[in-house]
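Visitor: build the 3D model from these lines:
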Amino acid sequence: MPPFLDLLAVTPELLGFGEPTHGEPAFLQLRNEAFLSLAEHGYRSIALESDRTAGLIADEFVRGVAAVTLDRALAEGFSHGFGAAPANRDLLLRMREWNARRPVAERLTFHGFDAPVELESAPSPRHHLNQVCQFLDLDRVTEIDDLIGDEARWSETAAIWEPGRSVGRSTDAQRLRVLADDLLTELYLRAPWRSAGWQAAFVHATAAVALLRYHAAAAAPLGQEERFGRLAGVRDALMAENLLAIRSVEAHRGPTLVFAHNTHLQRHPSTMTLAGTRVSWAGAGAIIASVLGDRYAVIAGSLGASPALGIGPPAADTYEGRLQQENSLPRYLSTSDIEAAELRTHDHRYFPLDRAAIENADAVLHVPTGVDPAVLADRIAALPEVEQLVASNENGSPEAAWGDRFFFVGPDRRQPFATIVEQDVPGFDEAAQLDRPGVFRLNLDLGRAEFERLFGFPPKAFEEHRHEYDFARLDSLAPHPGYAQYGFASIVMPGPHLLPEVDRLLTVAYDRAVRRRERAARRTAE
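Guide: Now for the predicted structure:
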């Protein structure tokens, strides 16, 4: 049973899993573990803060559609650049693997629930309207093109922030809203005869309507601060509408996990300071909570430090600082167990915990720190007599290894017992795809006995089992793709939840290195 389910008063239909900032990989990695664990307990879908229409492509990959490759699913199945996150690659692959070995009723579905907008820009509805017309076999391309005109007049940033530049309340835009509404009606009229593909066409139709609503809001003659709050609120309202539609589709199959920034999921109003003015609006979570009541629950994300984002440790008297002192590993807490504390400084990268966030959440997930190569290196270097070598031009290392870290016991540096590498070696070691931004791998010399205990076969038999492993998967212990035959194993981007196991494996590798050094010393003495 996932530990956080015990903290919830009731089993929700929609469970929000929040992150306090975008860009800290730990939350996505913990989300993956949580979702796959929830799938064992009846959850059948996940919805991410990503364009809903793009999510249709990612879901095709998850369902095993051969025409959709992983590369296409990552490039086209996410918005806002989220397809580049390594943990999102893992999520799609793990869902696809689950579905391949489960009956239809137990298969997992991927959804995006965001509107197809950025806060500061939004395209025209052309693509979505054409998709619906194609499904309905209607030729209205010329009419749509004439009404939309130059795409740039819709997508430029000025169209969002300057009411006079927006086309959102023009005659053309009004006619497009009528056209979009007519297409929705036509979809319903044809539903009894066109069930195959209907849901995808419906998603595109509602996306077209959403874009037209957003552009209309952008055209409202409001001041800058009021304008920001209005646009943020409209976007969250569109998110809430999408989530309710997703629940309508998924209601008969099981609960849905929703992953997004805390501000989109929290029950209380969202706020932001803009040009010295505090702006407030109802987020998607506040809207959903008012509709679903206790059928909606939310876990608020909390963060100590993030090496990836350059966020240092919190002050000891803040909410996050106190949570840091109590435990060094990620953990779920009941909100009633969190005592009052000071508010951490908000630097626009991280939205800190405050009393309202705690009181309006069902639980809190606190992550003390993200893990990067430096965090791991400090952990290894703290072992007795360990020396670290960072490959560079100055110490004569080959260019392909520059920046990689090698750890030895003692100054003789005969053989590293651990390494941290951040780049592929073309033609030799490319399976982990280490050239992805922010990706690194911990390698450990575990020896034959521990290797066989972990993987069920000796190092010398590795080639017979190579095909069983995805060497690019995060948080997964695997044989080293290049040195498995010598007893080496590896983990790509181990998250903070894996640190206890990392420490255990480090002890195995370190003890081997110590014994190897002692044997060498005895031979020298003899």
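Visitor: helices of the stretch 251-400 of the chain, start to end?
Guide: 262-265, 284-292, 319-326, 355-359, 373-381 (DSSP state H, counting those that start in this stretch).
Visitor: tell me what the first one is packed against?
Guide: The criterion is 3 or more C-beta pairs under 8 Å, 6 or more residues apart in numbering; DSSP states H and E, and the helices and strands that helix 262-265 contacts are strand 14-19, strand 270-274, helix 284-292, strand 296-305. C-betas here are computed from N, CA, C, even on glycine.
Visitor: can you check the last one too?
Guide: When contacts are defined as 3+ C-beta pairs under 8 Å, 6+ apart, helix 373-381 sits against strand 386-390, strand 405-409, strand 418-421, helix 499-525.
Visitor: what mean pLDDT does that helix get?
Guide: Here helix 373-381 scores 96 as its mean pLDDT.
Visitor: who's sitting farthest from the centroid in this protein?
Guide: What lies farthest from the middle of the chain is Glu526; by C-alpha atoms, centre = their mean that is 56.9 Å.
Visitor: wait, what's in contact with it?
Guide: Residues counted as contacts of Glu526 (C-beta atoms under 8 Å, 6 or more residues apart in numbering): none.
Visitor: same question for Glu387.
Guide: Here Glu387 is in contact with 407-411, 413 (C-beta under 8 Å, 6+ apart).
Visitor: surely Gly168 meets Arg230?
Guide: No: the pair Gly168 / Arg230 is not scored as a contact, 12.0 Å apart, by C-beta atoms under 8 Å.
Visitor: what is in contact with the two at once?
Guide: Joint contacts of Gly168 and Arg230 (C-beta under 8 Å, 6+ apart) are Ala217.
Visitor: comparing those two, which residue is more hemmed in?
Guide: Gly168 (23 against 16; other C-beta atoms under 10 Å).
Visitor: just say helix, strand or coil for that one.
Guide: Following DSSP: H, G, I helix; E, B strand; the rest coil, we place Gly168 in the coil state.
Visitor: neighbours around Ile46, how many?
Guide: Using other C-beta under 10 Å, Ile46 has 28 neighbouring residues.
Visitor: that one: which element?
Guide: When elements are assigned from DSSP states H and E, Ile46 belongs to strand 45-51.
Visitor: returning to what we had before: out of the helices and strands packed on helix 373-381, nearest to Ile338?
Guide: helix 499-525 (22.7 Å; C-beta to C-beta).
Visitor: quick one, the closest one and strand 386-390 angle?
Guide: With axes from the mean of the first three to the mean of the last three C-alpha atoms, to 10 degrees applied, the angle from helix 499-525 to strand 386-390 works out at 100 degrees.
Visitor: per-residue confidence at Ala207?
Guide: 97.
Visitor: check Met1 too.
Guide: 62.
Visitor: over to Leu274?
Guide: At Leu274, pLDDT is 69.
Visitor: going forward, begin numbering at 57 instead of 1
Guide: In the new numbering, first residue 57, that becomes Leu330.
Visitor: which regions of the chain sit below the pLDDT cut-off?
Guide: Along the chain, the parts satisfying pLDDT under 70 run over 57, 330-331.
Visitor: spatially central residue for it, please.
Guide: Centroid-nearest residue in the chain, with C-alpha atoms, centre = their mean: Leu84, separated by 3.8 Å.
Visitor: quick one, phi psi at the nearest residue in space to His324 that is not next to it in sequence?
Guide: Closest residue in space to His324, ignoring its immediate chain neighbours: Asn416 at 4.4 Å, by C-beta to C-beta, 6 or more residues apart in numbering. Main-chain torsions, Asn416, degrees, to the nearest 10: phi -100, psi 10.
Visitor: thinking again about what came up before, deepest of the helices and strands packed on helix 318-321, which one?
Guide: strand 70-75 (a mean of 27; mean count of other C-beta atoms under 10 Å).
Visitor: ok, Leu409 touching Ser358?
Guide: Yes: taking contacts as C-beta under 8 Å, Leu409 lies within contact range of Ser358: 5.1 Å.
Visitor: overlap in contacts, these two.
Guide: Jointly contacting Leu409 and Ser358 under the rule C-beta under 8 Å, 6+ apart are 76, 375-376, 420.
Visitor: how about Ala474: what's its closest non-neighbour residue?
Guide: Phe463 (4.4 Å).
Visitor: in the sheet, who's paired with that neighbour?
Guide: Assessed by DSSP bridges, Phe463 has beta-bridge partners Gln444, Ala474.
Visitor: wait, it sits on Arg469?
Guide: No: between Phe463 and Arg469 there is no contact under C-beta under 8 Å: 9.7 Å.
Visitor: pick out whichever of these two has more residues nearby.
Guide: Between Phe463 and Arg469, Phe463 has the larger neighbour count (other C-beta under 10 Å), namely 26 against 12.
Visitor: OK, contacts around the more buried one?
Guide: Counting by C-beta under 8 Å, 6+ apart, Phe463 has contacts 433, 436-437, 442-445, 472-475.
Visitor: turn the helices and strands packed on helix 318-321 into a markdown table, columns for distance to Ala565.
Guide: Shown next, in a markdown table, are the helices and strands packed on helix 318-321 (distance: least, C-beta to C-beta, whole Å):
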| stretch | distance to Ala565 |
| --- | --- |
| strand 70-75 | 32 |
| strand 326-330 | 46 |
| helix 340-348 | 44 |
| strand 352-361 | 26 |
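Visitor: common neighbours of Phe463 and Arg469, please.
Guide: Residues touching both Phe463 and Arg469 (C-beta under 8 Å, 6+ apart) are 443, 445.
Visitor: just the contacts of Phe463 now: which is nearest Asp567?
Guide: Nearest to Asp567 out of the contacts of Phe463 is Phe473 (C-beta to C-beta; 8.9 Å).
Visitor: which one is that closest one nearest to, not counting chain neighbours?
Guide: Ala569 (3.7 Å).
Visitor: what about the one you found, neighbour count?
Guide: For Ala569, the neighbour count with other C-beta under 10 Å is 23.
Visitor: surely it touches Phe462?
Guide: No: counting by C-beta under 8 Å, Ala569 does not reach Phe462; the two are 11.7 Å apart.
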